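>>> Predicted structure and sequence below. I'll ask about it afterward.
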Amino acid sequence: MERPIKHIGLLTSGGDAPGMNAAIRAVVCACEHYNISVTGIKAGYQGLINGWFTSLDSHSLIHSLCRGGTLLKSARCQAFRTQEGRAQAWQNLQQSGIDALVVIGGDGSLTGAALLEQEYPVAVIGIPATIDNDIFGTDACIGYDTATNTVVEAIDKIHDTAASHNRLFFIEVMGRNSGFIALNAGIAAGCSAILVPEHYQPVDDIIERFASCDMAGDAGIVIVAEGHQNGGIAELASITARRLPDFDIRVSILGHIQRGGSPSCADRVLAGRLGVYAIEQLRRGESGTMVALQHQLVCSLPLHDVIQQQPALQTEQLRVSRILAM
Ligand SMILES: Nc1ncnc2c1ncn2[C@@H]1O[C@H](COP(=O)(O)OP(=O)(O)O)[C@@H](O)[C@H]1O
Ligand SMILES: O=P(O)(O)OC[C@H]1O[C@](O)(COP(=O)(O)O)[C@@H](O)[C@@H]1O
Ligand SMILES: [Mg+2]
């Protein structure tokens, strides 16, 4: 039984991710298709609390598909973590006549969405978007494919100079608590070693790996997720330098270039499919769920299941990464 959703609110929250604009566009196009009006909420939950609302239509989103970042802007908002903050958010939704909220964001944003849905009578649906790819229940999050490609391109370039100078590079990539970027970019860029937060690998393993290679005359790249468990990347490099004095070692932190840029084809298509499906699920009366991709098909699952679990790195991929490391 379809329920009459007439007016939705839409926001992007947490770290921006390439493809968020494509998701905004998909939601707006689906709403126009199904005669639902859309209010854009600026700067995530901060704008929801402060009432930073704006109208959105598909004409205002021409050319947005190829742009990184988010036209709605994003934020990390402490106030939404409090009951008072969420009460204010609910009041603003009610005053604007919004009967469903679509949240595009990462694991934190989806946690906030689940709480709001639990506490107040408003339909809420989540769309997974984070370069970290650390959301349970979906094969991919919007932004991850683009970010990983950005990392691979950057490492390929560093590899050129590393090889020319016979240097060993430690390259830090994003991933506060998750190693998806490091693992997959590490495989794709042919890194010598991959350090991820999920699996502790002692520094000794890295040192042993290079010491046994007689590497003073060759290049090597160690890719390190920022959340890895061996201290900072600078410390990692300096321990290695002390133990392998013949090696010419450099550190490179890729930083926020990983979050920007035009979204890949895969991210645009994912955003399009999930955006449309989110509106169709709301029309079917669904709430408190996240739309997802599983085995190449769109589906949805309860937000509570999503936020209580962490997606695991596949052991098969870890094994492959070790076999392919040179
Ligand atoms: N436990 C929580 N309760 C309520 N709101 C939360 C919670 N965790 C995160 N949020 C909200 O979601 C926002 C984005 O979360 P964050 O973890 O920074 O990014 P992401 O959604 O990309 O993982 C936070 O700034 C906060 O407003
Ligand atoms: O830009 P900020 O606020 O410093 O955040 C950096 C963090 O955001 C991310 O890029 C994305 O994380 P979220 O999707 O959880 O926001 C992390 O990889 C990184 O640790
Ligand atoms: Mg997150």
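Everything's here; your move. Numbers count the residues shown, from 1 in each chain. Ligands and ions are numbered 1, 2, ... in the order given.
>>> most centrally placed residue in this protein?
residue 130 (1.5 Å; CA atoms, centre = their mean).
>>> which SS state does residue 292 fall under?
Of the three states, residue 292 takes strand according to DSSP: H, G, I helix; E, B strand; the rest coil.
>>> who are the neighbours in contact with it?
128, 137, 138, 139, 274, 298, 299, 300, 301 (CB atoms under 8 Å, 6 or more residues apart in numbering). C-beta: built from backbone N, CA, C; applies to glycine.
>>> that older thread, can you pull the contacts of the residue nearest to the residue nearest to the centre of the chain when sequence neighbours are not counted?
Distances taken as CB to CB, 6 or more residues apart in numbering place residue 106 nearest to residue 130, at 3.3 Å, with adjacent residues excluded. By CB under 8 Å, 6+ apart, residue 106 lies in contact with 13, 14, 15, 17, 128, 129, 130, 132, 134, 135, 141.
>>> The closest residue in space to residue 26 that isn't next to it in sequence: what's it in contact with?
Of all residues not flanking residue 26 in the chain, residue 275 sits nearest, at 2.6 Å (CB to CB, 6+ apart). Neighbour list for residue 275: 22, 23, 24, 25, 26, 27, 29, 30, 127 [criterion: CB under 8 Å, 6+ apart].
>>> out of those residues, which are inside helices?
Residues of the contacts of residue 275 located in helices (DSSP state H): 22, 23, 24, 25, 26, 27, 29, 30.
>>> Which of those residues sits closest to residue 120?
Each of the ones in helices among the contacts of residue 275 was scored against residue 120 by CB to CB, and residue 27 proved nearest at 20.8 Å.
>>> Next one: that closest one relative to residue 312, how far apart?
In this view, residue 27 and residue 312 are 30 Å apart by CB to CB, to the nearest Å.
>>> ok, those two, which is more surrounded?
Between residue 27 and residue 312, counted using other CB atoms under 10 Å, the more crowded position is residue 27 (29 against 9).
>>> ok, now how distant is the more buried one from residue 64?
Counting by CB to CB, the gap from residue 27 to residue 64 is 12 Å.
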